[in-house]
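Colleague: Predicted model, plus sequence, below.
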Amino acid sequence: MSKAKPHTLVSWIGGNDLKSTGNTGTDSQALGPLAATLKAHTFDAVELLYNYPEEQVQPYLDWLQELVATPINAQSVSLTSPVNFDEIYIQTNQHLAGLASEGRLLSILLSPGTPAMQAVWILLGKTRYPCRFYQSSKEQGVQEVDIPFELSVEYVPAVRGLGSAKINQLSEAAAPIDAAFDDIITRNPRMLTLKAQAQILAQREVPILIYGETGTGKELFARAIHNASGRAGKPFIALNCGAIPPELVDSVLFGHLKGAFTGAVADKSGVFQQADGGTLFLDEFGELESAVQVRLLRVLQEGTYLPVGGTKEQKVDIRLITATHRNLLEAVANGTFREDLFYRVAVGVLHLPPLREREGDLSLLAEALLASFREQDVGLEDKKLSAEAKNLIFKQPWRGNVRELQSSLLRSALWCQGDTISADDIRQSLFQMPEKNTGLLDRDVNKGVDIQELCDDLMRHYIPLALEASQGKKTKAAQLLGMNNYQTLENKMKKLNMI
């Protein structure tokens, strides 16, 4: 059985705590917020920060340790002021980061300290270090509290810690050659889980299939997996299967010998040979035709292939990672993709969400990209997003994912006349796709159709129009859309991440 993670209470030592030193009254609150909490709840360890003189704190710590059996560790921090947000943030973030790296379960006592200290605890505990919150008061005693809102991570100055190389790679929508899992910038729980799963898969010699829309980071994940695997020092070869002319697929995959066909003036190696010993990443894998699928399956089963025009089998040792935006299970069901090949490549499966479903990441990426613009062009060094601009960014579906976000932000930064990018600047930078019936009614069913996504697209288009026509009155907007009531409209908007 795995060992349980130690549950640690973290807190500042406040003035009311120090005043309680030596108190043995029956009123638990006479003990001060910290001692009262430790008497009311059980923790495995206590981590305290203080900015008081040592001669005041040490007697309190001695008394507190006599009062409770829980191990207590206290650390003095230097603050020029107990209300300096920047200094408080730096100290508490560093402390929580160290505790989180040890795998501890964290709880924070909010009561001791200044309002600035309490605000920073909430900021960090709701964005960077998931934790439980406690408070202690004379009126309500000690209780665990629920903070019923989520914070937008653009208010966390963690973007300052991102290296310019990482941001440049994001702005270019390109996966770096030396990509590691740290290059996958996210705070979204779903993405963090995918990163953890990918790191596990990296250590195992199994084929991996990565699902995801264009721009969701499929190659970034593939390169990180390769670089974290035992094949890190060997080649990583990436190929977009959808960009290969059908008549050249075999040659590109398996190579050819001189004279094998018109134009084959010399021997040429294919991607399997180029990736020998390393990793072969086949993007848009679902676009391969059935005949090619058969030959690919044979290579994976037997570890050998035959170059075009060759007569001697060649051995190959590769780790295969495939990626596609298509639903291969549907393709298997309708007979356009081989079932045996699907189960051969889909051993480790990662389904990357689109940017619009990565709650908490949109603002982080927007600020990171804007920071990269400031570094690259002195004319943009003072540009920042207004609150209205951020809200407009949050409402966009970003079907092009990070690539679309980057280009839109760059256009708005270039067009912005002042230092603050407004909602109008963002609005002007967005592309309005023309409405065509062919977009919805003439899809190629043979390539798979996500009917629910088409319905969601209609909702994303008409809900804002209805709200505008009703001057923001949801009851009227719901009527215009043929919905029973405004609750139905709100539920649909929440599902589509529109509020």
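Modeller: Alright, I've got the coordinates. Computed from a prediction, not measured in an experiment: that's the story for all the values here. Numbering: from 1, shown residues only.
Colleague: Just name whatever secondary elements the helix or strand containing residue 121 is in contact with.
Modeller: Using DSSP states H and E, residue 121 sits in helix 115-127. If you count contacts as 3 or more Cβ pairs under 8 Å, 6 or more residues apart in numbering; DSSP states H and E, helix 115-127 packs onto helix 85-101, strand 105-109, strand 132-137. No exception for glycine: its C-beta is placed from N, CA and C like everyone else's.
Colleague: Who are the packing partners of the longest helix along the chain?
Modeller: With secondary structure taken from DSSP state H, the chain has its longest helix at helix 451-469. Packing partners of helix 451-469 (3+ Cβ pairs under 8 Å, 6+ apart): helix 438-441, helix 474-480, helix 486-495.
Colleague: still on that earlier bit, which stretch among the helices and strands packed on helix 115-127 is buried most, on average?
Modeller: strand 105-109 (a mean of 21; mean count of other Cβ atoms under 10 Å).
Colleague: quick revisit: what lies in contact with the longest helix of the chain?
Modeller: Here helix 451-469 makes contact (Cβ atoms under 8 Å, 6 or more residues apart in numbering) with 395, 397, 440, 443, 474, 477-478, 480-481, 489, 492-493, 496, 498.
Colleague: most packed of the helices and strands packed on helix 451-469?
Modeller: By mean count of other Cβ under 10 Å, the helices and strands packed on helix 451-469 have helix 474-480 as the most buried, with a mean of 18.
Colleague: what's the residue nearest in space to the middle of the chain in contact with, if anything?
Modeller: Taking Cα atoms, centre = their mean, the centroid of the chain lies closest to residue 186, which sits 2.9 Å from it. By Cβ under 8 Å, 6+ apart, the residues touching residue 186 are 192, 195, 358, 361, 364.
Colleague: that's a strand at it, yeah?
Modeller: No - counting by DSSP: H, G, I helix; E, B strand; the rest coil, residue 186 falls outside a strand, being coil.
Colleague: quick one: the strands in the stretch 301-450 of the chain?
Modeller: Taking DSSP state E, counting those that start in this stretch, the strands of the stretch 301-450 of the chain run over residues 304-305, 314-315, 319-324, 348-351, 384-385, 420-421.
Colleague: What ranges in the stretch 251-400 of the chain fall below the confidence cut-off?
Modeller: Residue ranges of the stretch 251-400 of the chain with pLDDT under 70: 378-379.
Colleague: what about the helices in it?
Modeller: 271-274, 290-302, 328-333, 339-345, 362-376, 387-395 (DSSP state H, counting those that start in this stretch).
Colleague: among these, which is nearest residue 95?
Modeller: Evaluated over the helices of the stretch 251-400 of the chain, closeness to residue 95 peaks at helix 362-376, with 22.0 Å, by Cβ to Cβ.
Colleague: List the residues that contact residue 191.
Modeller: Applying Cβ under 8 Å, 6+ apart, the residues contacting residue 191 are 184, 352-353, 358, 361.
Colleague: no, scratch that, I was asking about residue 426
Modeller: Applying Cβ under 8 Å, 6+ apart, the residues near residue 426 are 389, 392-393, 408, 412.
Colleague: how close does it get to residue 299?
Modeller: Distance, residue 426 to residue 299, using Cβ to Cβ, to the nearest Å: 48 Å.
Colleague: got JSON lines for the contacts of residue 191, with neighbour count and distance to residue 216 too?
Modeller: Below are the contacts of residue 191 laid out as JSON lines (neighbours: other Cβ atoms under 10 Å; distance: Cβ to Cβ, whole Å):
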{"residue": "184", "neighbour count": "19", "distance to residue 216": "11"}
{"residue": "352", "neighbour count": "25", "distance to residue 216": "4"}
{"residue": "353", "neighbour count": "19", "distance to residue 216": "7"}
{"residue": "358", "neighbour count": "23", "distance to residue 216": "9"}
{"residue": "361", "neighbour count": "20", "distance to residue 216": "11"}
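Colleague: returning to that earlier point: now the helices and strands packed on helix 115-127 in CSV, with distance to residue 49?
Modeller: As requested, the helices and strands packed on helix 115-127 are exported to CSV (distance: least, Cβ to Cβ, whole Å):
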stretch, distance to residue 49
helix 85-101, 6
strand 105-109, 11
strand 132-137, 16
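Colleague: Mind telling me which of those the model trusts least?
Modeller: By mean pLDDT, the lowest-scoring of the helices and strands packed on helix 115-127 turns out to be helix 85-101, with a mean of 85.
Colleague: Who are the packing partners of that one?
Modeller: Short answer (3+ Cβ pairs under 8 Å, 6+ apart): helix 85-101 packs on strand 7-12, strand 45-50, strand 105-109, helix 115-127.
Colleague: Residue 278 is nearest to which of the ones you listed?
Modeller: Here helix 115-127 is closest among these (Cβ to Cβ), at 37.7 Å.
Colleague: ok, back up a step: so of the helices and strands packed on helix 85-101, which one's packed in deepest?
Modeller: strand 7-12 (a mean of 23).
Colleague: The helices and strands packed on helix 85-101: lowest mean pLDDT?
Modeller: Note on the helices and strands packed on helix 85-101: lowest mean pLDDT is at helix 115-127, with a mean of 85.
Colleague: May I have it exported as CSV, CA atoms only?
Modeller: Output of helix 115-127 as CSV, limited to C-alpha atoms (Å, rounded to 0.1, in the frame of the first residue of the first chain):
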residue,chain,number,x,y,z
PRO,A,115,-5.7,41.2,5.1
ALA,A,116,-2.9,41.3,2.5
MET,A,117,-1.6,38.0,3.8
GLN,A,118,-5.1,36.5,3.8
ALA,A,119,-5.6,37.6,0.2
VAL,A,120,-2.4,36.1,-1.0
TRP,A,121,-3.2,32.8,0.7
ILE,A,122,-6.6,32.7,-1.1
LEU,A,123,-4.9,33.6,-4.4
LEU,A,124,-2.3,30.9,-4.2
GLY,A,125,-4.6,28.3,-2.7
LYS,A,126,-7.2,28.8,-5.5
THR,A,127,-4.8,28.8,-8.4
